[in-house]
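[1] Have a look at this prediction, sequence included:
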Amino acid sequence: MNTLSAYLVNLVDERIGRHQSKESATGTVVSTSGAYVYVVMDGDSQPMPCKFVAGLTLHPDVRVVLHKYGDDWTVTGGFGKGYWPRYSYDQTVLNNATATPSLGSPEVGVTFLAPPSGKVLVSVGGYVAQSVNDNSAHLSFSMRTGSDWSDGQQVIGFEYKRGIMAGQPVNVGAAPEDGSVNTSPVENLVPGGEYIVRAGFWSAPGGTCTVHARFVMVNQV
């Protein structure tokens with residue numbers, strides 16, 4: 001009787017574990033049919049019928065991320081082939097007299113789903129100027145998880161080495177101006193994970209800086 005009880009307990013534990021197991025994969029959509037989407041997973045050659053989360057736009061050649069729940073594979077996100085690069089642009093002239101990065105209004109930024117490689121290139125650029133002796137003006141980007149800036153966890157902060165600057169004149173009458181682009185690689189993102197990027201600008205140290213023609217662009221690698 002004890003042996004039978006142990007067997008049943010182990011059987012129940014095994015069944016629960018199987019249905020709670022979760023695996024992930026990436027693949028490419030080849031067709032859709034009713035309640036299923038047919039996906040060729042990376043490393044395989046034959047399409048497999050998969051369930052999918054409502055609201056996804058799926059069509060042939062779209063790259064997708066999948067998760068396995070029990071015995072079923074489910075498409076949970078799309079990489080959006082044809083939607084790269086992601087970019088945002090604005091020409092509003094803005095000022096910031098502090099050393100705290102400002103997003104400005106309107107904000108310039110994009111949201112995206114990380115590609116299968118987990119790698120992207122982020123470009124930030126525009127026109128920056130400053131008119132305080134020995135100060136510099138900076139325009140860079142920051143990245144957070146999710147689609148809501150206020151709730152996301154920071155992946156990369158505003159780093160001057162990932163942006164552009166107009167720096168430190170000999171005299172105020174020769175205040176520097178700069179219009180250029182900086183492109184930085186970002187790695188180790190979660191494939192299919194959602195991320196948000198925003199441009200920010202600041203003065204170092206606090207003084208005054210001006211920016212306009214800001215843009216951010218994210219491209220897959």
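    Sure, I can see it.
[2] Quick one: mean pLDDT for stretch 164-182?
    Stretch 164-182 carries an average pLDDT of 71.
[3] Now do the contacts for V39.
    Contact analysis of V39 by CB atoms under 8 Å, 6 or more residues apart in numbering lists G27, T28, V29, V30, P47, M48, C50, V64, L66, W73, V75. The C-beta positions use only the backbone N, C-alpha and C, and glycine is treated the same way.
[4] could you say which helix or strand contains it?
    strand 36-41 (DSSP states H and E).
[5] Next SSE downstream of that strand?
    strand 48-52.
[6] From the chain's centroid, how far away is the strand holding V39?
    24 Å (CA atoms, centre = their mean, to the nearest Å).
[7] do stretch 145-153 as well
    That offset, for stretch 145-153, works out to 10 Å (CA atoms, centre = their mean).
[8] Among the contacts of V39, which lie within strands?
    Using DSSP state E, the subset of the contacts of V39 located in strands is G27, T28, V29, V30, M48, C50, V64, L66, W73, V75.
[9] CSV please, covering those residues and showing neighbour count and distance to W84.
    Formatted as CSV, the ones in strands among the contacts of V39 follow (neighbours: other CB atoms under 10 Å; distance: CB to CB, whole Å):
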residue, neighbour count, distance to W84
G27, 24, 18
T28, 18, 15
V29, 23, 16
V30, 15, 20
M48, 16, 25
C50, 23, 23
V64, 26, 15
L66, 23, 20
W73, 22, 25
V75, 22, 19
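[10] Any stretches of the protein with poor pLDDT?
    Scanning the chain for pLDDT under 70 picks out 1-22, 79-83, 168-176.
[11] can you give me the helices for it?
    For the chain, applying DSSP state H gives helices covering 2-20.
[12] so what's the most centrally placed residue in the chain up against?
    Centroid-nearest residue in the chain: Y195, 3.0 Å away (criterion: CA atoms, centre = their mean). Shown in contact with Y195 (CB under 8 Å, 6+ apart): T111, F112, L113, A114, M143, R144, T145, G146, G152, V155, L189.
[13] Repeat the analysis, applying 7 Å as the threshold.
    Taking CB atoms under 7 Å, 6 or more residues apart in numbering, we find Y195 in contact with T111, F112, A114, M143, R144, T145, V155, L189.
[14] And for T145?
    G152, Q153, V155, G193, Y195.
[15] Show me just the buried residues among those residues.
    Taking 16 or more other CB atoms under 10 Å as the criterion, what is buried in those is G152, V155, Y195.
[16] so T100 touches W202, yeah?
    Yes. Using CB atoms under 7 Å, T100 is in contact with W202, at 6.2 Å.
[17] Among these two, which residue is more densely surrounded?
    W202 (23 against 11; other CB atoms under 10 Å).
[18] Please name the bridge partners of the more buried one.
    Under DSSP bridges, the beta-bridge partners of W202 are H138.
[19] Report the buried residues of the strand holding V39.
    Across strand 36-41, burial judged by 16+ other CB under 10 Å covers V37, Y38, V39, M41.
[20] Then stretch 212-221?
    H212, A213, R214, F215, V216, M217, V218, Q220.
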